[in-house]
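Novice: Need coordinates for the below:
(2 chains)
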Amino acid sequence: MNRPPRYFGMAVSAGSVPPGRLDGYAPLRDYAAIGEGRTVALVARDGSIDWLPFPYLDSASVFAAILDSERGGRFQLEPEGRYRVRRRYLPDTNVLETTFFAETGTARVIDAVTLPEGGLEPFTEVQRRVEGLFGRVAFRWSVEPRFGYASEATRFERRLGHPVATAGNDAVALLLFDAGGVEERGGGWSGRFEAGEASSTLLSLVFAHQEPLVFPARGELERRFERTCASWRMWARDRACGGRWREAVMRSALALKLLVFAPSGAIAAAATASLPEDMGGERNWDYRYSWIRDSAFTLDAFLRLGCPAEARAYFWWLMHATQLMAPRLRVLYRLDGGTRAPEEALTLSGYRGSRPVNVGNGAADQLQLDTYGELLQTAALYAERGNRIDRDIGRRLAGFASFVCGEWRQPDAGIWEVRSDPVHFTQSKMMCAIALERAAQLAEKGMIPAGALARWRAEAGAIRRFIDERCWSDVKQSYVRFAGGQELDASLLLAVLYGYDDAKNERLRATLNAVERELRTGPLVRRYTGEDGVAGSEGAFLACSFWLVEALARSHRHEEAAELMAQLVDLANDVGLYSEEIDPESGEFLGNLPQALSHLALISAAMALTERTQ
Amino acid sequence: MTVWGALAGGFVGTLVLTTALRAANELQLTRIDLPFLLGTAVTADRARAKAIGYLLHFLFGELFALTYYAIFLALDRDGWWLGAIFGFGHGLFAATALVNILLPLVHPRMGSPLTGARTVALLEPPGFLMRNYGRRTPLANIVAHIAYGTLVGGFTSLAG
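Specialist: Numbering: from 1, shown residues only, chains lettered A, B, ... in the order given. I've put the predicted structure just below:
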């Protein structure tokens, strides 16, 4: 029991290894993310940018080879012939360095989406800088822009001597500096150049959305790149982050910063859509939305990392987004705060044949009662750290609590958004109790109206009785997934994390043991046992694995927690990123990436562990 | 026919013209952004450029309305239909000469066939009929200018 799976130890490619593709698809573990607060690009170990939505993270893609290696579009840049690769982010930045060791020499590629500064600059700018380090390395490159998930008619032409592709009100131009000539072919551009010692080549994509293209000169590109690196370092320097897990926490913080949608303050659950949870299967969802489920972890992480500006922006976005339909909550919101997220299947072939390729998310319309607990917990955290809750927001929070009083008896889809019939999920009920108790605490402090205080307390008591009487199994010696069932659910660990009860509580301790016993494989934890209304299976859920670390730490099992944390940190990819899930058998990443909840859970677990061991 | 009518028509017409082009932009018919083009002639700061650009656009809207008024006086006739014809001609002039040729010559940050792209940041030039900003740009531009001319002509005649 709890032995590391057989892939364990190979997960992090510490040395330089050659990249590989299967049917044109790189392993999901091979992707690093770069971005600037509005969109995120994914770069494979072989130097191909296989994913880039434009203009925003939740817009249609310009590059989507990760979802269709034939038609999706990409920006390839790699040495000719055989080579090996070593990667890292430049320290404390989201700027990626890929060093290629070819047979004839060594060169590095530095990839960045530069940070906007407000001047006359491109709407979005991707820079790929190639520097020769040793010997000579012949590079080949190709750019295949495919707007609108490869569905929009695109014109290829030239402006001021630069290759330009336009579609609708979007355009992209390719700027080359010391990169040789351009070969124009149907649907893209390509070329070759050689990187010699101390050579410096620059390939830059500049994008325009609803406006004319801006063509910066090389000097300006260089200056913006330097300022981008400096800005990231400055941001990282100001974070409160130390201890044994500092490196993993800082990378997670930087990954989260990529997922924060700067125009609104919302945080996207992941940067991608439809990467499969079940390879070749139909569990392919669009995660480029902001989930209420992640709100408490998000705010807590921001506050503990010393990001008050991000915390405030996120809380205000949350209150703004939930205003329109209050006191009902949606499961997820668009990054601009909108509520419409209709699910639609694209005609792309899917990552390694995983279809349908979905954009939009049908879970938006579900009833998930746990979200009310998340929201009130978030508000309580916000207030606890000395932030003010104004009268309007206070009234709305009280409205959410009163709504829970009338709704908690309903079955729902639960935190995992099952697509089977609604049931009485235990975790949902626990979060309803937390919602009412946090509301009561806020009311007692005079932060929200206290008119319904007695009702909140009475209903919270009724929920706790329901959980104790209907959601505990003597057979399993655990709280179970839903009332009357015998299945287990790792989300019940959140009862410890959110303070549903003291970690010493017998039933919570027994539930923790049951989750370890039945859902854990090596360092990894699956979400639940039983049906969820979708065909196929899935991997182990990384956030649940980190929740187990935190639950162990809060239960004073520090050594076990630290050992498990170390194993999980080793499972990140070569640049420290996590997807949503990992296949316990193969070690392959599954699901969308980089995944906010995985990184949020890592930060929370690391902080809990550090606090309790120092 | 009064100058105040023409000025009122110029204001409302520019409002409609700007809104129509913005709507065309949102409908993915074009990437044209006239306030942005005008404002970046004055400043490289994006936000300030848009604000200044809107002011300049309304100023030019009034100047063109006064020009329309002068022609109405010379012809001794006015009306919405005559304004619409002027608007058509105005739109054609804007797309072929004003924005396409004259603006790049005076705009310090816009490229023209005579400039290289390696020294300073350059804005994408609009091209003939401003088609560089999208193939449907000429249509959106003409429709918006006809609306402008119609309103200037209409207001001028109403004020009479």
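
Novice: can we go C-alpha only for contacts and neighbour counts from here?
Specialist: OK.

Novice: and stretch A:132-142, C-alpha only, in CSV?
Specialist: C-alpha atoms of stretch A:132-142 as CSV (Å, rounded to 0.1, in the frame of the first residue of the first chain):
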residue,chain,number,x,y,z
GLY,A,132,24.0,30.5,-30.1
LEU,A,133,26.1,29.2,-27.2
PHE,A,134,28.5,26.7,-28.7
GLY,A,135,29.3,25.5,-32.2
ARG,A,136,26.6,26.0,-34.8
VAL,A,137,23.0,24.9,-34.7
ALA,A,138,20.8,24.9,-37.8
PHE,A,139,17.2,25.8,-37.0
ARG,A,140,14.1,25.5,-39.0
TRP,A,141,10.9,27.3,-38.2
SER,A,142,7.4,27.6,-39.5
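
Novice: From A:L512, how far off is the closest residue to A:R21 other than its chain neighbours?
Specialist: Take A:R21 and drop its neighbours on the chain: the residue closest to it by C-alpha to C-alpha, 6 or more residues apart in numbering or on different chains is A:P27, 6.9 Å away. As judged by C-alpha to C-alpha, to the nearest Å, A:P27 and A:L512 stand 33 Å apart.

Novice: neighbour count winner among the two?
Specialist: Neighbours per residue (other C-alpha atoms under 10 Å in any protein chain shown) separate A:P27 from A:L512, with A:L512 holding more: 23 against 19.

Novice: quick check, A:L508 in a helix?
Specialist: Yes - assessed by DSSP: H, G, I helix; E, B strand; the rest coil, A:L508 belongs to a helix.

Novice: can you give me the helices in the stretch 151-300 of chain A?
Specialist: Ranges of helices in the stretch 151-300 of chain A, per DSSP state H, counting those that start in this stretch, are A:218-237, A:246-259, A:295-304.

Novice: How about residues contacting the next helix-or-strand element following the last one?
Specialist: In this case it means helix A:295-304. Using DSSP states H and E, the helix or strand that follows helix A:295-304 in sequence is helix A:308-321. Helix A:308-321 has contacts (C-alpha atoms under 8 Å, 6 or more residues apart in numbering or on different chains) with A:264-267, A:298-299, A:302-303, A:333, A:337-338, A:379, A:382, A:393.

Novice: right, and the pair among these with maximum separation?
Specialist: A:L303 and A:G338 (25.4 Å; C-alpha to C-alpha).

Novice: Neighbour count: these two, which is higher?
Specialist: When neighbours are counted by other C-alpha under 10 Å, A:L303 and A:G338 differ, and A:L303 comes out ahead with 20 against 14.

Novice: Grab the nearest non-local neighbour of the more buried one.
Specialist: In space, A:L303 is closest to A:A311, 6.2 Å off (C-alpha to C-alpha, 6+ apart).

Novice: Could you pick out the residues of the stretch 101-250 of chain A near chain B for me?
Specialist: By C-alpha under 8 Å from any C-alpha of the partner chain, the residues of the stretch 101-250 of chain A that approach chain B are A:118-121, A:159-160, A:166-170, A:209-218, A:220.

Novice: All the strands of the stretch 351-500 of chain A, in order from the start?
Specialist: For the stretch 351-500 of chain A, applying DSSP state E, counting those that start in this stretch gives strands covering A:357-359, A:472-473, A:478-479.

Novice: got it, and chain B?
Specialist: Using DSSP state E, the strands found in chain B span residues B:122-123.

Novice: Hmm, the residue nearest to A:R21 is touching A:S586, no?
Specialist: No - counting by C-alpha atoms under 8 Å, A:P27 sits too far from A:S586 to count as a contact (11.4 Å).

Novice: Mind picking out the helix or strand in chain A with the poorest mean pLDDT?
Specialist: Counting by mean pLDDT, DSSP states H and E, chain A has its least confident helix or strand at helix A:308-321, which shows a mean of 87.

Novice: before we move on, what SS does A:L552 have?
Specialist: Quick answer, by three-state DSSP: A:L552 is helix.

Novice: Quick one: neighbours of it, just the number.
Specialist: 26.

Novice: What of B:L92?
Specialist: Each residue near B:L92 was counted by other C-alpha under 10 Å, and the total is 17.

Novice: Surely it and B:I142 touch.
Specialist: Yes - at 6.8 Å, B:L92 and B:I142 qualify as touching, with contact defined as C-alpha under 8 Å.

Novice: longest helix anywhere in chain B?
Specialist: In chain B, assigned by DSSP state H, the helix with the most residues is helix B:46-75.

Novice: In that helix, which of the residues would be classed as buried?
Specialist: By neighbour count on 16 or more other C-alpha atoms under 10 Å in any protein chain shown, the buried set for helix B:46-75 is B:46-50, B:52-54, B:56-58, B:61-62, B:64-66, B:68-69, B:72.

Novice: among the residues you listed, which are in reach of chain A?
Specialist: Among these, the ones lying near chain A by C-alpha under 8 Å from any C-alpha are B:46-47.

Novice: In chain B, where is pLDDT below threshold?
Specialist: Residues of chain B that meet the criterion pLDDT under 70 lie in B:112-121, B:159-160.

Novice: which residues in it form helices?
Specialist: Under DSSP H, chain B gives helices at B:3-26, B:34-39, B:46-75, B:80-93, B:103-106, B:137-158.

Novice: Surely A:R159 touches B:P126?
Specialist: No - between A:R159 and B:P126 no contact is recorded; they are 9.9 Å apart, counting by C-alpha under 8 Å.
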